[in-house]
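> Mind looking at a prediction? Sequence and model below.
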Amino acid sequence: MALTVEAAELQEIFQWLTEDQSRGLSAAAMHAVEEELADVFIYTLRMSQVLNIDILHAAENKLRRNAQKYPIEKAKGTPKKYDEL
């Protein structure tokens, strides 16, 4: 539950910004993003430790599966899900 709260706090920073605004954050906003990203990372890392999951291995596996589901030549520039490509 805490992870969800922290992710929501991170999302809140960007909620009403355009993409350009999101890329040009003030120093104060960047500091807030840094803090919230750290919180999300800490909770995620701790959960992986408690559940005995090698988080780097899991991430590598997920990236490989995503590359298969979303080949660049089909998925780049489109919001379609893998079953619609």
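Cool, the structure landed. Residues are numbered from 1 along each chain as shown.
> Tell me where this structure has helices.
Remark: helices assigned in the chain by DSSP state H are 2-14, 19-23, 27-50, 55-69, 72-75.
> what's the least confident stretch among those helices?
Of all the helices of the chain, the minimum mean pLDDT falls on helix 72-75 (a mean of 85).
> Show residues contacting that one.
Residues outside helix 72-75 that contact it (Cβ atoms under 8 Å, 6 or more residues apart in numbering): Tyr82, Leu85. Any C-beta I mention is one placed from the backbone N, CA and C, and that applies to glycine too.
> Can you point out the buried residues in that helix?
Using 16 or more other Cβ atoms under 10 Å as the test for burial, helix 72-75 gives Ala75.
> ok, back up a step: could you dump the helices of the chain to a markdown table with distance to Lys81?
Listed next are the helices of the chain as a markdown table, based on distance: least, Cβ to Cβ, whole Å:
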| stretch | distance to Lys81 |
| --- | --- |
| helix 2-14 | 21 |
| helix 19-23 | 21 |
| helix 27-50 | 24 |
| helix 55-69 | 9 |
| helix 72-75 | 9 |
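> So for Tyr82, which of the ones you listed sits nearest?
Nearest to Tyr82, of all those, is helix 55-69, at 3.9 Å by Cβ to Cβ.
> gap between Ala67 and Thr44?
Computed as Cβ to Cβ, to the nearest Å, the Ala67 to Thr44 distance reads 22 Å.
> quick one: which of these two has more around it?
Between Ala67 and Thr44, counted using other Cβ atoms under 10 Å, the more crowded position is Thr44 (14 against 11).
> Might one say that the more buried one is in contact with Leu3?
Yes - counting by Cβ atoms under 8 Å, Thr44 touches Leu3, with 6.4 Å between them.
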